[in-house]
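S.K.: Here's a sequence, model it:
(one chain, ligands or ions: 1)
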Amino acid sequence: MSDLFSDKAHDWDTRPVPAQISEGVSRALMQAIALSPTMTVLDFGAGTGLVCAKLAPHVGRILAVDISAAMLEQLKKKPELEGKVEVYCQDLVAAPLPAKVDLVVSAMAMHHVRDTAGLLASLHTHLKPGGRVALADLDSEDGSFHPPGTEGVFHTGFAREALGALLESAGFRDVRFVTACEVLKEGRAWPVFLVTATRR
Ligand SMILES: C[S@@+](CC[C@H](N)C(=O)[O-])C[C@H]1O[C@@H](n2cnc3c(N)ncnc32)[C@H](O)[C@@H]1O
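M.R.: Alright, predicted model coming up:
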């Protein structure tokens, strides 16, 4: 599998869009979920660790999972994550981790996974009973957020009602959506949701 983020990783953290999203998503996440130093968190599609870095001071351990070696190389360079984050370069759905966590977080990675139901089922198996997910991505959009022909984009955002139903079918309860932020790009504002849900 080719690394679709290999040309983006080196300057990812200087780009305004990921910066706005990681800021807004982390803020909304910490308003929705009480973090604690006893928690183990899995960040699905952790990338360069923008969200990990915001959560790290408030939790015990973070498992950063991504299929891009280039993005994870940037994450590994961050001194503030040393000793706190374990890095896994693998597809979680095809190769689950032998770990159960308290919380799964994800920012802007779900639209890169074709089979959303399969992904949610996999996230469910990685949670302890009563564990939670906090997943952020674009609300349904007209397909213009990414440049035409961008490889590896399988969803033009998500309809909240349909995603909520998929979460319930995958074994989650208490599904709640908030708007985490509106990301400004090319003169338009794109809403980004954060959905939280609890493993039944
Ligand atoms: C738009 S970036 C977001 C990165 C990071 N969450 C952030 O907010 O800056 C999407 C990330 O999801 C990762 N990704 C895509 N498909 C994946 C998969 N099947 N498993 C794990 N990570 C995946 C990509 O490699 C990329 O690092």
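
S.K.: Give the closest residue to the spatially most central residue of the chain in space, chain neighbours not counted.
M.R.: Closest residue to the average C-alpha location of the chain: Ser106 at 1.3 Å, with Cα atoms, centre = their mean. Closest residue in space to Ser106, ignoring its immediate chain neighbours: Phe44 at 4.1 Å, by Cβ to Cβ, 6 or more residues apart in numbering. From N, CA and C alone the C-beta is placed, and that goes for glycine too.

S.K.: was I right about the one you found contacting Val105?
M.R.: Yes. Assessed by Cβ atoms under 8 Å, Phe44 is found in contact with Val105 at 7.3 Å.

S.K.: ok, now which ones touch the residue nearest to Ser106?
M.R.: 65, 92, 104-106, 109, 119, 123 (Cβ atoms under 8 Å, 6 or more residues apart in numbering).

S.K.: Can you tell me which of those residues has the most neighbours?
M.R.: Using other Cβ atoms under 10 Å as the neighbour criterion, Val105 leads the contacts of Phe44 with 29 neighbours.

S.K.: What distance do you get for it to Asp142?
M.R.: Note on Val105: its distance to Asp142, by Cβ to Cβ, to the nearest Å, is 27 Å.

S.K.: do Asp102 as well
M.R.: Taking Cβ to Cβ, one finds Asp102 at 37 Å from Asp142.

S.K.: Who are the packing partners of the longest helix seen in the chain?
M.R.: If you go by DSSP state H, the chain has its longest helix at helix 16-32. Based on contacts counted as 3 or more Cβ pairs under 8 Å, 6 or more residues apart in numbering; DSSP states H and E, the elements that helix 16-32 packs against are helix 50-55, strand 101-107, strand 127-138, strand 172-185, strand 188-199.

S.K.: ok, 6 Å please
M.R.: Here helix 16-32 touches helix 50-55, strand 172-185, strand 188-199, going by 3 or more Cβ pairs under 6 Å, 6 or more residues apart in numbering; DSSP states H and E.

S.K.: which helices and strands does the first one pack with?
M.R.: What that stands for is helix 50-55. helix 16-32.

S.K.: what about 7 Å?
M.R.: With contacts taken as 3 or more Cβ pairs under 7 Å, 6 or more residues apart in numbering; DSSP states H and E, helix 50-55 sits against helix 16-32, strand 40-44, strand 61-66.

S.K.: Also the longest one?
M.R.: Counting contacts by 3+ Cβ pairs under 7 Å, 6+ apart, the secondary-structure elements packed against strand 172-185 are helix 16-32, helix 160-169, strand 188-199.

S.K.: Now do the first one against strand 101-107, angle only.
M.R.: Interaxial angle of helix 16-32 relative to strand 101-107 (axes from the mean of the first three to the mean of the last three Cα atoms, to 10 degrees): 150 degrees.

S.K.: what's the closest non-adjacent residue to Glu151?
M.R.: Leaving aside its sequence neighbours, Glu151 sits nearest to Leu4 (Cβ to Cβ, 6+ apart; 5.6 Å).

S.K.: what mean pLDDT does stretch 141-150 have?
M.R.: For stretch 141-150, mean pLDDT is 94.

S.K.: hmm, who's touching it?
M.R.: Stretch 141-150 is contacted from outside by 138, 153, 156-157, 190, using Cβ atoms under 7 Å, 6 or more residues apart in numbering.
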